[in-house]
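Chemist: below: sequence and its predicted model.
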Amino acid sequence: MLKLIKCEFLKLKRKKFISLVILAAFIFPIPVTYILTTPSMMARYPDPADAFDGLFQMMLGYGVQFLLPCILGIIAAILFFMERDNDTFKNLRTIPVTSTQMVLSKILVLFVFGIIFCIASMVATVLCGLVTLEVNGIAYKLLLTVLNGIFITAGTLPLIVVVVFFSRTYIFSILLCVFYSVLNLSATALFDVLPKTVFWLLPTPLTMFWGAGDMVKHGVNINITQMADMIPSTPRVVLTLGIMAIVSILIIDRLYKRRGE
């Protein structure tokens, strides 16, 4: 399995995608830091430490929870379309590797990239925060960012099912990923309108509200009065996203087997 994962990484390395993912982590922290440090925005925070907490929350909301699904969708399209584009399915039958092993290796690569992006986003946030803000709670914030990355990656797998099912062009896959991210963020904004059951079935709102509740428990100053009854427990988040991920992997495996026949 490790050799398969290494092979998948080498495919992406040839396309210089690893460095692009790391650079993408700086897309939101830099402009958000600039906006946050304007006098009108700084006036909303009692001190630079709270301002850094605000920067961290924006990084999670826009960087991890909006941009990450788009990046994962593009990576998945590259990984799952490569055999189709190069017409190598017949060649793969000659090696002692099952389609299930190949699917699992690709999925694991997505999780690794999700973690890499989150760590890079946290590093970018800290570097930006060091300029004018008071950086604090790095260890906890890094852990929370990585957990968000794992949860968002698991919640993005249903999107990967759709990408693999349609198996269209890369542009179609990118548009699908953007639509998925916008849909989830729109649902988050409508938390006071949507039924709780529907709300908790959407990966991004589920993860975002869990993260908000967890940050409050760790002393981060966030007003969650309006959303207090919408915050899910950790077991619920793990169970929901775990089931979502397992079902998605089984469907992707079935679709991949069918394509190779």
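Modeler: That came through, no problem. Numbering: from 1, shown residues only.
Chemist: name the nearest residue to residue 64, sequence neighbours excluded.
Modeler: residue 148 (5.1 Å; CB to CB, 6 or more residues apart in numbering). All C-beta atoms are positioned from the backbone trio N, CA, C, and that covers glycine.
Chemist: and if you look at residue 128?
Modeler: Distances taken as CB to CB, 6+ apart put residue 33 closest to residue 128, at 3.9 Å, once the chain neighbours are dropped.
Chemist: check the one you found and give its pLDDT.
Modeler: pLDDT recorded at residue 33 is 86.
Chemist: my guess is it contacts residue 126. True?
Modeler: No - counting by CB atoms under 8 Å, residue 33 does not reach residue 126; the two are 10.7 Å apart.
Chemist: quick one, which of these two is more surrounded?
Modeler: Neighbours were counted for residue 33 and for residue 126 using other CB atoms under 10 Å; residue 33 has more, 22 against 19.
Chemist: now the helices for the chain?
Modeler: Assigned by DSSP state H, the chain shows helices spanning 2-14, 17-24, 29-36, 39-42, 48-58, 68-86, 89-92, 99-132, 138-166, 170-189, 196-200, 203-217, 234-260.
Chemist: quick check: mean pLDDT across the fifth one?
Modeler: Which is helix 48-58. 88.
Chemist: repeat that for the fourth one.
Modeler: Helix 39-42 comes out with an average pLDDT of 84.
Chemist: quick one: buried residues of that helix?
Modeler: residue 42 (16 or more other CB atoms under 10 Å).
Chemist: I would like the residues contacting that helix, please.
Modeler: Residues from elsewhere that reach helix 39-42, judged by CB atoms under 8 Å, 6 or more residues apart in numbering: 35-36, 51.
Chemist: try the second one
Modeler: With contact meaning CB under 8 Å, 6+ apart, helix 17-24 is reached by 9, 12, 67, 71, 75, 78, 113, 116-117, 120.
Chemist: what about residue 251, how many neighbours?
Modeler: Neighbourhood size, residue 251 [other CB under 10 Å]: 17.
Chemist: next, count neighbours for the residue nearest to it when sequence neighbours are not counted.
Modeler: Nearest residue to residue 251, sequence neighbours excluded (CB to CB, 6+ apart): residue 161, at 5.0 Å. As a burial measure, residue 161 scores 19 neighbours (other CB under 10 Å).
Chemist: just give me the neighbour total for residue 156.
Modeler: There are 30 residues near residue 156, going by other CB under 10 Å.
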